[in-house]
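Chemist: Could you look at this predicted model? Sequence included:
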Amino acid sequence: MSTDVTGVFVRLKLSLLRNGLRQSGGRRAAWIASAVVALLFAALQLLGLILLRGTAHADALVVLLVAVLALGWAVMPLFFPGGDETLDPTRLVMLPLRPRPLVRALLVASLVGIGPLFTLCLLTGSVIAVARGAAAYAVGVVAVVLALLVCVALARAVAAANIRLLTSRKGRDLAVLSGLVVAIGAQVVNFAAQRLGSAGLGRLDPLADVLRWVPPGSAIGAVRSVSEGSYGAAALQLGLSALALAALIVVWARHLTRLMTAPDGSTLQAAGDGAVREKGGRGPARLLPAGRTGTVMERSLRYVWRDPKTKAAWVTSLAIGLIVPVFNAVQGSGSIYFACFAAGMLGIQMYNQFGQDTSAFWMVAMTISSPRDAYVELRGRALALLLITLPYATLVTVVTTALIGDWHRLPEVLGLSFALLGAMLATGAWSSARFPYSIPQEGHKNVAPGQAGLAWISIFGGMVAAALLCAPVIAAVIWLRLSEGGADWTWLLLPAGAAYGAAITVLGLRLAAPRTAARLPEILAAVSKG
């Protein structure tokens, strides 16, 4: 019975993959391209690990790679819950399946795919890099199988434990943040590679000595132990990996049993929480201004908190605005003026303000009957953005200054950041009225088909215009820095930049308001295409 169930699940996994590729030519091309890139990268990794054979501290590097690989398997279900339909066991609730054969079938089916093949290549290369002698290669075969099963079981256990979250709105919001994780991870890897390039692989030894006893790294550590003749240590390390595999399967089976037998009360719980929140009042929203301005600000902030696309754009801008100046400062190659990057990234959020409303913009349009109404609407959106951007841009500037130690330049950089932010708000308001475009609610695209040109003109044209609007402040910074005795007066750039940014924001909003009021039908048509 269990053998039949396992075969059925393997065929199901292959059918899901085949049918997914039949949906569209674009999806088929994207899958083939990603598969080719992943397999090519796996082949290069395998070749690189083989070339590491005989290199000093190679064993420390491969153990660290295996640990990072296991971490990737652990977080993969959290950020890509839709990447594998078989990760959701609740779809099998109506089938008469017992946990033990179900676990076995799902574990075997999990070995089908590009991810397991990539992992197998990396584990095989790791064994080749550290194995010495026939006994080590024999243990390496067992180690590869154990490590691969631990990675797969870890992903399944994490998915089963969090499946209620992953299938909810919060889970979809979490999946949207996957790009942020990739961006931060790339910066961390880049920083670590530079450090290792200057200090050598020997710096990995203390960490590797610990990870060599942590599954699945302990399986690869067993190969090294056998190569050195430490058969007792190798047996213990293999035992730790086997014990970890058994523990993961037990945890996975328990979560499966609970998911297959317990009712889903998440909807009732969510409803109860909502009732409690409603009784508790508006909370921080009470601090917003009265009238239309406060209403618009609250609506904009709710978009940031609840809408997946808006939240992803904000979180990505916040992260990149911090990563670029801070990582450059830590690496010793940065400038304090890189802190202005945060203001620029956050100012982009002012562009295409009406696109996030999609077809619901008609409700906003119904409340705008004059340029004055349009001005108040745009002002409320700009103030909501400033609630986040002003303190964050200040924080990034202070942190970057502290890392570089160039405190006497802090006032001028803050003034320049505020001026840039004001220019971005001004051009963003005008661009939102002149070049609106729709943001699709489904999928990963941020521009509706046929509107890519509008998006490019809106964002990049606005950024160039914002840079030109900042030219007076930039010229003042250069003049004070180059003139004799001018460095003593650079502190004036902080109030001057703030005042300039505020003035140009108000001017931009007033210029954009009449155009917004006059183009309401065109804006609604443009933002409703998604």
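Modeler: Structure's in. What do you need? Residues are numbered from 1 along each chain as shown.
Chemist: what residues are up against residue 112?
Modeler: Neighbour list for residue 112: 10, 13, 14, 17 [criterion: CB atoms under 8 Å, 6 or more residues apart in numbering]. (Each C-beta comes from the backbone N, C-alpha and C, glycine too.)
Chemist: what about 7 Å?
Modeler: Contact analysis of residue 112 by CB atoms under 7 Å, 6 or more residues apart in numbering lists 10, 13, 14.
Chemist: Which ones among the residues you listed map onto strands?
Modeler: In strands, judged by DSSP state E, none of the contacts of residue 112 are found.
Chemist: Mind giving me the PyMOL select for those, buried ones only?
Modeler: Restricted to buried positions by 16 or more other CB atoms under 10 Å, the PyMOL selection for those reads:
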select buried, resi 10+13
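Chemist: Output the longest helix belonging to the protein.
Modeler: helix 371-404 (DSSP state H).
Chemist: For it, which helices and strands make contact with it?
Modeler: For helix 371-404, the packing partners by 3 or more CB pairs under 7 Å, 6 or more residues apart in numbering; DSSP states H and E come out as helix 292-306, helix 308-330, helix 340-347, helix 410-434, helix 493-518.
Chemist: Just tell me which of these ends up closest to residue 147.
Modeler: Residue 147 sits nearest to helix 308-330 of all those, at 31.6 Å, using CB to CB.
Chemist: how about stretch 43-59: buried residues?
Modeler: Residues of stretch 43-59 classed as buried: 45, 46, 49, 52, 57, 58, 59 (neighbour count, 16+ other CB under 10 Å).
Chemist: Give me the below-cutoff pLDDT ranges for the stretch 251-400 of the chain.
Modeler: The stretch 251-400 of the chain contains residues with pLDDT under 70 at 260, 262-283, 285, 333.
Chemist: An error on my part: the question was meant for the stretch 101-250 of the chain.
Modeler: 163-203.
Chemist: Can you list the residue ranges for helices in it?
Modeler: Assigned by DSSP state H, counting those that start in this stretch, the stretch 101-250 of the chain shows helices spanning 114-130, 134-161, 163-166, 169-176, 178-199, 205-211, 217-227, 231-261.
Chemist: send the alpha carbons of the first one over as CSV?
Modeler: Coordinates of the C-alpha atoms in helix 114-130 are reproduced here as CSV (Å, rounded to 0.1, in the frame of the first residue of the first chain):
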residue,chain,number,x,y,z
ILE,A,114,15.6,21.2,-9.7
GLY,A,115,16.1,22.1,-6.1
PRO,A,116,17.0,18.6,-5.0
LEU,A,117,19.2,18.1,-8.0
PHE,A,118,21.1,21.4,-7.2
THR,A,119,21.5,20.3,-3.6
LEU,A,120,22.8,16.9,-4.7
CYS,A,121,25.4,18.5,-6.9
LEU,A,122,26.6,20.7,-4.1
LEU,A,123,26.7,17.9,-1.6
THR,A,124,28.6,15.6,-4.0
GLY,A,125,31.2,18.3,-4.7
SER,A,126,31.6,18.9,-0.9
VAL,A,127,32.3,15.2,-0.4
ILE,A,128,34.8,15.1,-3.2
ALA,A,129,36.5,18.2,-1.8
VAL,A,130,37.2,16.6,1.6
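Chemist: Remind me what it packs against, helices and strands.
Modeler: helix 25-51, helix 58-79, helix 134-161, helix 217-227.
Chemist: ok, the buried residues of stretch 43-59 vs residue 70, which is closest?
Modeler: residue 45 (15.4 Å).
Chemist: List the contacts of that closest one.
Modeler: 121, 122, 125.
Chemist: Just the buried ones out of these, please.
Modeler: Using 16+ other CB under 10 Å as the burial test, the contacts of residue 45 include 121, 122, 125 as buried.
Chemist: now residue 284: how far from residue 297?
Modeler: In this view, residue 284 and residue 297 are 11 Å apart by CB to CB, to the nearest Å.
Chemist: Comparing those two, which residue is more hemmed in?
Modeler: Between residue 284 and residue 297, counting by other CB atoms under 10 Å, residue 297 is the more crowded of the two (22 against 8).
Chemist: Next up, the contacts around the residue lying closest to the more buried one once chain neighbours are set aside.
Modeler: Closest residue to residue 297 apart from its sequence neighbours, by CB to CB, 6 or more residues apart in numbering: residue 384 at 4.2 Å. If you count contacts by CB under 7 Å, 6+ apart, residue 384 has them with 297, 300, 301.
Chemist: for residue 288, same thing?
Modeler: Taking CB under 7 Å, 6+ apart, one finds 294, 297, 298 in contact with residue 288.
Chemist: Just the closest of these to residue 420, please.
Modeler: The closest of those to residue 420 turns out to be residue 297 (CB to CB; 22.1 Å).
Chemist: Relative to residue 9, how far out is the closest one?
Modeler: Residue 297 sits 51 Å away from residue 9, going by CB to CB.
Chemist: Repeat that for residue 403.
Modeler: Distance, residue 403 to residue 9, using CB to CB: 52 Å.
Chemist: same question, residue 99
Modeler: Separation of residue 99 from residue 9 (CB to CB) stands at 14 Å.
Chemist: of those two, who's got more company?
Modeler: Each of residue 99 and residue 9 has its neighbours counted (other CB under 10 Å); residue 9 has more, 23 against 18.
Chemist: Hmm, residue 106 and that one touching each other?
Modeler: Yes. Residue 9 is within contact range of residue 106, at 6.3 Å (criterion: CB atoms under 7 Å).
Chemist: that older thread, so which of the contacts of residue 112 belong to helices?
Modeler: Mapping the contacts of residue 112 onto helices (DSSP H) picks out 10, 13, 14.
Chemist: how near is the residue lying closest to the last one once chain neighbours are set aside to residue 127?
Modeler: Spelled out, it's residue 14. Leaving aside its chain neighbours, residue 14 sits nearest to residue 112 (6.6 Å; criterion: CB to CB, 6+ apart). Relative to residue 127, residue 112 is positioned 22 Å away (CB to CB).
Chemist: mind listing what residue 394 touches?
Modeler: For residue 394, the contact set (CB under 7 Å, 6+ apart) comprises residue 414.
Chemist: and the gap between it and residue 388?
Modeler: Going from residue 394 to residue 388 by CB to CB gives 11 Å.
Chemist: and what of residue 377?
Modeler: Distance, residue 377 to residue 388, using CB to CB: 19 Å.
Chemist: Looking at these two now, which is surrounded by more residues?
Modeler: Neighbours per residue, other CB under 10 Å: of residue 377 and residue 388, the larger number sits with residue 377, 26 against 17.
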